[in-house]
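Student: Generate a structure from the sequence data that follows.
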Amino acid sequence: MLFRMGLLMLGLAFAVPGQGADAGARTALVLNLEGPIGPASADYVIRGIAGAQARDAVLVVLRIDTPGGLDASMREIVRAILAAPLPVLAFVGPGGARAASAGTYILYASHLAAMAPGTNLGAATPVALGGAPNDGDAAERPSDPTRRPASTMETKVINDAVAYIRSLAELRGRNVKWAEAAVRDGASLSAEEARSRDVIDLMATSVTDLLEQVNGRAVTMGQRRVVLGTRGIVQVSLDPDWRTRLLGAITNPNVALILMMIGLYGLLFEFMSPGAIYPGTIGAISLLLGLYALSVLPVSHAGIALIVLGTALMVAEGFTPSLGVLGIGGAIAFVLGATILIDTEAPAFSVSWPLAAGIAATGLAFSLLVVRLAWRSHRRPIATGAESMLGEQATVLEWSGRRGRVLAAGERWTAESDLPVQVGQQVRVTDLHGLVLRVEPGPGRTS
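Tutor: This is a model prediction of the structure:
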């Protein structure tokens, strides 16, 4: 009986479509795009849109609250929206939320755009510090209507961004002129102004209110028009899973830098002490995670080169003492490399100055510690070999004329002396010829 009840409950569990939705009910998949836009958020949105149909969803609601982020990640999200097999509705909310910088592009790309009262969007001027726009970022900057491109490269970047957002505005039938102003001049709008200027399609106080208002509206899906039927639709919220949270953690530039240093020093300790296992294992895992994080972030090759050079110089200080020249030079190179490591001005994707200085100081301190230990070892008396016997204290066991036997370092030795000594007397070892000690009266160094 219990076995049958268990099978029945198991079957009911698998029959539930997920997160409170009734079997056969039409659902709206709600994705929450919060915080800076980076590789983790892009992966979350792309996988959410791709798997929406498998969850029996008829549309996706993308709730946005972002200050902006990386250009590459933003474009991946836009491509996913444009290729989506079902409508994607963007909603900036709740009150106090914003769709700044990269968020503005995503809002323009969505099939329907809505904002809650008390929200804003805009300030979409891109700044790529090196290379083409696709290699840089879409970092937010304060709105400055008087600002103009300072270089030919920046002009190309801005013109590319303008063409991109214009194409999205024309595709969705939204205000093209203001979209260009948001990029060129960093213009921003409140929700009410955005609605009055046809930047968005409607205003809503919540996702529920949005779904009620869009019932019966038609959206363009490629070459066809789809009428939204959202009356009685069930909302299913998809929260970021462990993969998204892990990716978000390791793609933080500060975490990636720490992982890189743990990896380098772990492998260094393993090479210095073969067979330790733990440093090498932890170091290899950390190094691979750090390299993966850097592979999906817009990194500067000059920054990576300076970090590697700085680390190598600080390590070299421990093996080739240079009175601190290599160590200090390595610390300076490391801090400079960490400063320019991430090729973006987005605050969420910049390396912390205190962290970079702290890692460099730790590496320098480690190098100086190695130098100190090496210096102390150099000054310490030799503890092995024939030279270690020089200056040792010995006790005369038996003696006749100039020759006899003594006890030194716990062993019995044959000894010689040009000065008279007596049995039981303490003598000092002055020389060693083969297995014969040369001694003289007087206290010596105790072992």
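
Student: how about the helices of this structure, start to end?
Tutor: Taking DSSP state H, the helices of the chain run over residues 2-15, 39-50, 71-82, 102-109, 152-172, 176-184, 191-196, 207-213, 242-250, 253-272, 278-296, 301-319, 325-339, 353-379.

Student: Mind putting those into TSV with mean neighbour count and distance to L59?
Tutor: Bear in mind the C-beta positions are built from the backbone N, C-alpha and C, glycine included. Output for the helices of the chain, formatted as TSV (neighbours: other Cβ atoms under 10 Å; distance: least, Cβ to Cβ, whole Å):
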stretch	mean neighbour count	distance to L59
helix 2-15	9	24
helix 39-50	22	11
helix 71-82	22	12
helix 102-109	29	15
helix 152-172	17	16
helix 176-184	20	24
helix 191-196	18	21
helix 207-213	18	8
helix 242-250	15	21
helix 253-272	19	35
helix 278-296	17	29
helix 301-319	19	42
helix 325-339	21	44
helix 353-379	15	42
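
Student: mind putting those helices in TSV, mean pLDDT and distance to R402 included?
Tutor: Rendered in TSV, the data for the helices of the chain read as follows (pLDDT from 0 to 100; distance: least, Cβ to Cβ, whole Å):
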stretch	mean pLDDT	distance to R402
helix 2-15	37	98
helix 39-50	93	84
helix 71-82	93	88
helix 102-109	94	94
helix 152-172	89	90
helix 176-184	93	101
helix 191-196	94	108
helix 207-213	94	105
helix 242-250	85	76
helix 253-272	82	50
helix 278-296	85	57
helix 301-319	80	49
helix 325-339	81	54
helix 353-379	70	35
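
Student: between those, which gets nearest to N120?
Tutor: helix 191-196 (6.9 Å; Cβ to Cβ).

Student: what's in contact with the closest one?
Tutor: 92, 115-121, 199-200, 202-203 (Cβ atoms under 8 Å, 6 or more residues apart in numbering).

Student: could you redo the last one with a cut-off of 6 Å?
Tutor: Helix 191-196 has contacts (Cβ atoms under 6 Å, 6 or more residues apart in numbering) with 115, 117, 119, 200, 203.

Student: Need the buried ones from those residues selected in PyMOL.
Tutor: The buried residues among these can be selected in PyMOL (16 or more other Cβ atoms under 10 Å) with this line:
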select buried, resi 115+119+200+203
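
Student: Kindly reformat the contacts of helix 191-196 as a markdown table containing distance to R166.
Tutor: Below are the contacts of helix 191-196 laid out as a markdown table (distance: Cβ to Cβ, whole Å):
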| residue | distance to R166 |
| --- | --- |
| M115 | 21 |
| P117 | 28 |
| T119 | 23 |
| I200 | 17 |
| M203 | 24 |
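
Student: Can you add pLDDT and distance to W178 and give the contacts of helix 191-196 back as JSON lines?
Tutor: Below are these laid out as JSON lines (pLDDT from 0 to 100; distance: Cβ to Cβ, whole Å):
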{"residue": "M115", "pLDDT": "96", "distance to W178": "14"}
{"residue": "P117", "pLDDT": "95", "distance to W178": "19"}
{"residue": "T119", "pLDDT": "95", "distance to W178": "16"}
{"residue": "I200", "pLDDT": "95", "distance to W178": "11"}
{"residue": "M203", "pLDDT": "95", "distance to W178": "17"}
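
Student: Going by distance to G283, which of the contacts of helix 191-196 wins?
Tutor: T119 (45.8 Å).

Student: I figured that closest one hits A99, correct?
Tutor: No - the criterion here is Cβ atoms under 6 Å, and T119 misses it with A99 at 7.5 Å.

Student: shared neighbours, the two?
Tutor: Taking Cβ under 6 Å, 6+ apart as the contact rule, T119 and A99 both touch V92.

Student: Widest-spaced pair of the contacts of helix 191-196?
Tutor: P117 and I200 (12.1 Å).

Student: Next, show the common contact partners of the two.
Tutor: Joint contacts of P117 and I200 (Cβ under 6 Å, 6+ apart) do not exist.

Student: Among the contacts of helix 191-196, find me the one that's closest to N32.
Tutor: Nearest to N32 among the contacts of helix 191-196 is T119, at 14.7 Å by Cβ to Cβ.

Student: That closest one: what's it in contact with?
Tutor: So T119 contacts 92, 97, 191 (Cβ under 6 Å, 6+ apart).

Student: Tell me the spacing between I81 and L355.
Tutor: According to Cβ to Cβ, to the nearest Å, I81 and L355 sit 35 Å apart.

Student: do the same with I307
Tutor: I307 is 13 Å from L355, by Cβ to Cβ.

Student: quick one, phi psi at the residue lying farthest from the centre of the chain?
Tutor: Ranked by distance from the centre of the chain (Cα atoms, centre = their mean), the top residue is G401, with 78.6 Å. When read as degrees, to the nearest 10, the backbone of G401 gives phi 70, psi -120.

Student: What are the neighbouring residues in contact with it?
Tutor: G401 neighbours (Cβ under 6 Å, 6+ apart): none.

Student: ok, it to A415 distance?
Tutor: 12 Å.

Student: can you check A356 too?
Tutor: Applying Cβ to Cβ to A356 and A415 gives a distance of 62 Å.

Student: now do P354
Tutor: Distance from P354 to A415, counting by Cβ to Cβ: 64 Å.

Student: still on that earlier bit, same list, the helices of the chain, but as a markdown table with distance to V219 please.
Tutor: As requested, the helices of the chain are exported to a markdown table (distance: least, Cβ to Cβ, whole Å):
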| stretch | distance to V219 |
| --- | --- |
| helix 2-15 | 32 |
| helix 39-50 | 15 |
| helix 71-82 | 12 |
| helix 102-109 | 13 |
| helix 152-172 | 9 |
| helix 176-184 | 19 |
| helix 191-196 | 18 |
| helix 207-213 | 13 |
| helix 242-250 | 27 |
| helix 253-272 | 38 |
| helix 278-296 | 32 |
| helix 301-319 | 43 |
| helix 325-339 | 46 |
| helix 353-379 | 46 |
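
Student: Tell me which of those helices lies nearest to A28.
Tutor: It is, among the helices of the chain and with distance given as Cβ to Cβ, helix 207-213, at 6.0 Å.

Student: what's the neighbour count on G216?
Tutor: Neighbour count of G216, defined by other Cβ atoms under 10 Å: 10.

Student: Make residue 1 into 766 and carry on from there
Tutor: With the count now opening at 766, the last piece we talked about shows up as G981.
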